[in-house]
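Asks: here is my input, please return the structure:
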Amino acid sequence: MYKNLKIGLALGSGASRGLAHIGVIEVLEKYGIIADAVSGSSIGSVIGALYCSGFDFKYAASLCKNLNKKTYIDVSVPRLGFIKGERICEIMKLLTKDKEFKDLNKKFFVVATDLKSKRLVVFEEGKIYEAIRASISIPGVFIPVYKDNMLLVDGGVLERVPAKILKNYGVDYVIGVDVGFNLKTSNCKSIFHVLYESIDLMEKELFELKKQEADKLIRVDIDDVDPIGFEHAEETIEKGRQAAINEIEGLIKELDFIAASR
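Replies: Residues are numbered from 1 along each chain as shown. Okay, here's the model as predicted:
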């Protein structure tokens, strides 16, 4: 807790660009800004789960570099999606030690989108890896998750940076992290890239139109990273660090002012 303030951290979607969340978290913690509650959408749910379960991020870059795509991509005959997602489930189950939300050291929320009700779904109980599998289900790429009469896809479809959930939970100040959009280049070398970049562009338009609930939004500019692979893990994490460093002075002043006014 930062000087009697309850801090929330909302980690946004963005495929492998979401590794930048790690760099942001490292800088925030270095300056004593520790989140009391965390929310995550898509890749943000992955990083948020690792953060809340006590994963040591110093191993993250080397872990990602050693991840062959065959390790986490299990291609299916396309009907509702190209990737089954079972391998990613097993990896997340292992990394989170098969924990449930109640076992975490911070309050944690994961968001997904229910295509049947056309509404946002918030997970805060049950197995963490199951919630993550729903949240990362990029439409057309991953097979959706069927659960409790819901058809669940990527949380970023409706809530790219899930800050409102933390506001509703009652935190005093929400720091949102958006890992950006690829606006300068196109890397459409596979059907996965075509699908992802199309959805990424649609999410950008929605994100710009919606009211942003975060009190401070840290934007990470990542235009040159392949969103499907993890080959540039260290560079992506470093961009997250730099984005947080650029904001840290103003963020501390704002938090100090709010704390002094209470």
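Asks: low-confidence stretches in the stretch 1-150 of the chain?
Replies: The stretch 1-150 of the chain contains residues with pLDDT under 70 at 1-2, 61-82, 85.
Asks: now do the strands in it.
Replies: 7-11, 37-41, 81-83, 107-114, 119-123, 140-142, 145-147, 150-154 (DSSP state E, counting those that start in this stretch).
Asks: from the chain's centre, how far out does the helix or strand in which Gln242 is found sit?
Replies: Gln242 belongs to helix 233-261 when assigned by DSSP states H and E. Distance, stretch centre to chain centre, for helix 233-261: 18 Å (C-alpha atoms, centre = their mean, to the nearest Å).
Asks: so it versus strand 7-11, what angle?
Replies: 150 degrees (axes from the mean of the first three to the mean of the last three C-alpha atoms, to 10 degrees).
Asks: one step back: in TSV: the strands of the stretch 1-150 of the chain, plus distance to Ile258 and mean neighbour count.
Replies: Bear in mind the C-beta positions are built from the backbone N, C-alpha and C, glycine included. Listed next are those as TSV, based on distance: least, C-beta to C-beta, whole Å; neighbours: other C-beta atoms under 10 Å:
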stretch	distance to Ile258	mean neighbour count
strand 7-11	11	29
strand 37-41	17	29
strand 81-83	43	20
strand 107-114	20	26
strand 119-123	26	18
strand 140-142	40	22
strand 145-147	39	16
strand 150-154	33	23
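Asks: reformat the ones you listed as a markdown table; add distance to Leu255.
Replies: Formatted as a markdown table, the strands of the stretch 1-150 of the chain follow (distance: least, C-beta to C-beta, whole Å):
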| stretch | distance to Leu255 |
| --- | --- |
| strand 7-11 | 8 |
| strand 37-41 | 16 |
| strand 81-83 | 40 |
| strand 107-114 | 19 |
| strand 119-123 | 26 |
| strand 140-142 | 37 |
| strand 145-147 | 37 |
| strand 150-154 | 31 |
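Asks: between those, which one is closest to Thr236.
Replies: With C-beta to C-beta as the criterion, Thr236 lies closest to strand 7-11 of the strands of the stretch 1-150 of the chain, at 13.8 Å.
Asks: what lies in contact with the closest one?
Replies: With C-beta atoms under 8 Å, 6 or more residues apart in numbering as the test, strand 7-11 has contacts from 1, 18, 21, 25, 28, 33-41, 43-45, 47-48, 161-163, 165-167, 169, 171-177, 214, 255.
Asks: sheet partners, orientation included, of that strand?
Replies: Using DSSP bridges, the strands paired with strand 7-11 are strand 37-41 (parallel), strand 173-178 (parallel).
Asks: and the residue nearest to the spatial centre of the chain, what does it touch?
Replies: When C-alpha atoms, centre = their mean is applied to the chain, the residue found nearest the centroid is Gly44 (0.8 Å). Contact partners of Gly44, counting by C-beta under 8 Å, 6+ apart, are Ala10, Leu11, Gly12, Ser13, Gly14, Gly18, His21, Gly155, Val161, Pro162, Val177.
Asks: excluding its backbone neighbours, what's nearest Lys116?
Replies: Closest residue in space to Lys116, ignoring its immediate chain neighbours: Leu151 at 5.1 Å, by C-beta to C-beta, 6 or more residues apart in numbering.
Asks: so how far is Val121 from that neighbour?
Replies: Leu151 is 10 Å from Val121, where distance means C-beta to C-beta, to the nearest Å.
Asks: now do Tyr129
Replies: For Tyr129, the distance to Val121 - C-beta to C-beta - is 16 Å.
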